[in-house]
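# need coordinates for the below:
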Amino acid sequence: MTPALLFSDELDVAVGIAVVIDSSSMELCSIFFFVYAYVTWQLTFILELVKAEENETTIKQRLLKDYDRSMTPVLYAKSEQVSYIAMMVFRTLGLDEVKGEFILEGVTHIGWDDHRLTWENENVKIIRVSSGEIWMPHLKVLNRVSETELTLDPHPIVFSGFVWWAPRWVFRTACIPNMKYFPFDKHTCEIRIVSVSEEGDLLQMNYSTTDLKHGAYLITYFLMENNLWKLLSAKCESQRMIVDPDVESAVGVFTFVIERTMPLIALAILTPSLVSVLLLLTTFWMEGGNIIRTAVSCTSILVSAGNLFTISRILPVTGAVTPAIVEYVTSVLVLCMLSSLQAIAMSVLTRCRKQPPISYTTILEKFPKWALMMLALVPKPDEDINVDETFLFSDLSGTDQRNIPQSEDKKQENNTKILKLQYPWEKHILLFDRLLFYLFTIVILLLIMSVIITE
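Below you'll find the predicted structure:
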């Protein structure tokens, strides 16, 4: 066999082997690609199935696995930290005037960003955790007078990256009462709430460069009516205040204006006093020494004293100002006492003395007639006076001249009688009686004006 023939045979064998190897590689590649595609599809299906089957419990376990509740969310905020506080007022329990304590019951809705509690699942919108598993703010009422009572503490609800908590409280804050216009008094009271961490760091706001945004809101749609107190207005705002030495924080300031509603009590107190005043005004037109006048004055004293006793049982034992209604009833009581003393004095004088003092008559003679008429001191005509009127017809009668001196004597005698009857002690009221009457009227008008202009 020649070398050329041998070489050609070896070449054919090599080509055949190469063809066999190439066909085997193609088959192996096809098999490998098929296996890879199948495994990838299975893994994708399994992962999607596992992700779809992830529920609130698994998300909660995954989020809380490495969660450190001692670290504030501000440290994990990227660009800004948003928080808010909203108060839903349930009812105003009123104002304790003795302690100066404003009492209100409501729900505080508190929300804040926490980027550590973030997940991606369209089927799970919220998860519920206990307050001991995540970071929780501590509410501090700056103007409280006693410990705030927590009546309901629900679990916080976690959205993706946001936490919402709505505890229910009974707030007791300082509010100085103003009882000037009792029982229609209005009071402006505040509740100042700041959110701090359990360690006392105010959300570590002063140690972070994050943009902090805090809002305050107020809800009064679910307010329950109070028969004694009425909520006139309510507003809220977020203010920056110094809450600790060298520490400034955002504070939610909630301002409430309440009004007392006691119209029946006011009517029960003012009506007897007003009736007493009207009765006293009528007694000044009665004759001095009249028993009815003394009885009415004494009754007015008893009524006014009873009103003061009633007010003392309603009003608190302490107060910064004296209520106007107390001043009104006290003034009526003083006037009733003066009227009674005057009635008694007049009764004694009219019974003990039949003629007025000389000084009294002298003073009255110096008054002009119009002043005496205003003071009601002009005497009424006495029907019992018998005046001899024959001298009026002396010129028309045929009486001779010797009767003229006798007529003049009778005329002088009649004039003397008139002068003697001009200021009888028994039938006229003393000067100070009229003066007290006008003084009494002026005071009553001032009291009425003060009641009218009272807000």
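# surely residue 298 is in contact with residue 340?
Yes - between residue 298 and residue 340 there is a contact under CB atoms under 8 Å: 5.7 Å. In this view, the C-beta of every residue, glycine as well, is placed from N, C-alpha and C.
# among the two, which residue is more densely surrounded?
For residue 298 and residue 340, the more surrounded residue by other CB atoms under 10 Å is residue 340, and the numbers stand at 21 against 16.
# isn't there a strand covering that one?
No - under DSSP: H, G, I helix; E, B strand; the rest coil, residue 340 sits outside any strand and is assigned helix.
# what's the neighbour count on residue 137?
Neighbours of residue 137 (other CB under 10 Å): 20.
# correction: residue 151
With neighbours defined by other CB under 10 Å, the count for residue 151 comes to 11.
# so who does it touch?
By CB atoms under 8 Å, 6 or more residues apart in numbering, residue 151 lies in contact with 105, 168, 169, 170.
# what's near enough to touch the last one?
Contacts of residue 170 were listed using CB under 8 Å, 6+ apart, and they are 93, 103, 104, 105, 148, 149, 151.
# surely residue 76 and residue 116 touch.
Yes - using CB under 8 Å, residue 76 is in contact with residue 116, at 5.6 Å.
# strands of the chain, start to end?
According to DSSP state E, the chain carries its strands in the segments 80-96, 101-113, 127-128, 138-141, 149-152, 157-159, 162-165, 168-174, 186-196, 211-219, 229-244, 247-260.
# mean pLDDT and distance to residue 293 added to those strands, as JSON lines?
Converted to JSON lines, the strands of the chain look like this (pLDDT from 0 to 100; distance: least, CB to CB, whole Å):
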{"stretch": "strand 80-96", "mean pLDDT": "78", "distance to residue 293": "44"}
{"stretch": "strand 101-113", "mean pLDDT": "86", "distance to residue 293": "49"}
{"stretch": "strand 127-128", "mean pLDDT": "86", "distance to residue 293": "81"}
{"stretch": "strand 138-141", "mean pLDDT": "81", "distance to residue 293": "61"}
{"stretch": "strand 149-152", "mean pLDDT": "83", "distance to residue 293": "59"}
{"stretch": "strand 157-159", "mean pLDDT": "88", "distance to residue 293": "77"}
{"stretch": "strand 162-165", "mean pLDDT": "87", "distance to residue 293": "73"}
{"stretch": "strand 168-174", "mean pLDDT": "89", "distance to residue 293": "52"}
{"stretch": "strand 186-196", "mean pLDDT": "83", "distance to residue 293": "42"}
{"stretch": "strand 211-219", "mean pLDDT": "61", "distance to residue 293": "60"}
{"stretch": "strand 229-244", "mean pLDDT": "80", "distance to residue 293": "44"}
{"stretch": "strand 247-260", "mean pLDDT": "82", "distance to residue 293": "39"}
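# the ones you listed into TSV, with extra columns for distance to residue 71?
As requested, those are arranged in TSV below (distance: least, CB to CB, whole Å):
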stretch	distance to residue 71
strand 80-96	13
strand 101-113	13
strand 127-128	19
strand 138-141	15
strand 149-152	25
strand 157-159	16
strand 162-165	14
strand 168-174	26
strand 186-196	15
strand 211-219	16
strand 229-244	21
strand 247-260	18
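# for residue 273, which of those is the nearest?
Residue 273 lies closest, by CB to CB, to one member of these: strand 247-260, at 19.6 Å.
# using CSV, write out every CA atom in that closest one.
Provided in CSV are the C-alpha atoms of strand 247-260 (Å, rounded to 0.1, in the frame of the first residue of the first chain):
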residue,chain,number,x,y,z
VAL,A,247,-34.6,70.9,73.8
GLU,A,248,-37.1,72.2,71.3
SER,A,249,-39.8,70.0,69.7
ALA,A,250,-43.0,70.2,67.8
VAL,A,251,-46.0,70.3,70.1
GLY,A,252,-49.6,69.7,69.2
VAL,A,253,-51.7,72.6,70.8
PHE,A,254,-55.4,71.9,71.0
THR,A,255,-57.6,74.9,72.1
PHE,A,256,-61.2,74.5,73.2
VAL,A,257,-63.7,77.1,74.1
ILE,A,258,-66.5,75.8,76.4
GLU,A,259,-69.6,77.5,77.8
ARG,A,260,-71.7,76.6,80.8
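# buried residues in it, which are they?
Within strand 247-260, the residues that qualify as buried are 249, 250, 251, 252, 253, 254, 256, 258, 260, counting by 16 or more other CB atoms under 10 Å.
# what's the answer for stretch 160-171, then?
So, applying 16+ other CB under 10 Å, buried residues of stretch 160-171: 160, 162, 163, 165, 166, 167, 168, 169, 170, 171.
# could you tell me the end-to-end distance of it?
Taking CA to CA, to the nearest Å, the first and last residues of stretch 160-171 lie 31 Å apart.
# circling back to that earlier point, pick the one among the buried residues of strand 247-260 closest to residue 283.
Nearest to residue 283 out of these is residue 260 (CB to CB; 35.3 Å).
# so what sits opposite the closest one in the bridge?
Beta-bridge partners recorded for residue 260 (DSSP bridges): residue 229.
# was I right to think it contacts residue 182?
Yes - between residue 260 and residue 182 there is a contact at 7.2 Å, judged by CB under 8 Å.
# sorry, back to before: could you dump the buried residues of strand 247-260 into CSV and include distance to residue 143?
Formatted as CSV, the buried residues of strand 247-260 follow (distance: CB to CB, whole Å):
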residue, distance to residue 143
249, 15
250, 16
251, 10
252, 12
253, 10
254, 11
256, 12
258, 16
260, 21
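# residue 81: how many residues sit nearby?
Residue 81 sits with 23 neighbouring residues when counted by other CB under 10 Å.
# neighbour-wise, which one of the contacts of residue 170 leads?
In terms of neighbours by other CB under 10 Å, these top out with residue 104 at 25 neighbours.
# now do the contacts for it.
By CB under 8 Å, 6+ apart, the contact list for residue 104 reads 89, 91, 92, 93, 170, 171, 173, 191, 256.
# just the residues you listed now: which is nearest residue 138?
Nearest to residue 138 among these: residue 171, at 15.3 Å, using CB to CB.
# I figured that closest one hits residue 103, correct?
Yes - the pair residue 171 / residue 103 is scored as a contact, 7.2 Å apart, by CB under 8 Å.
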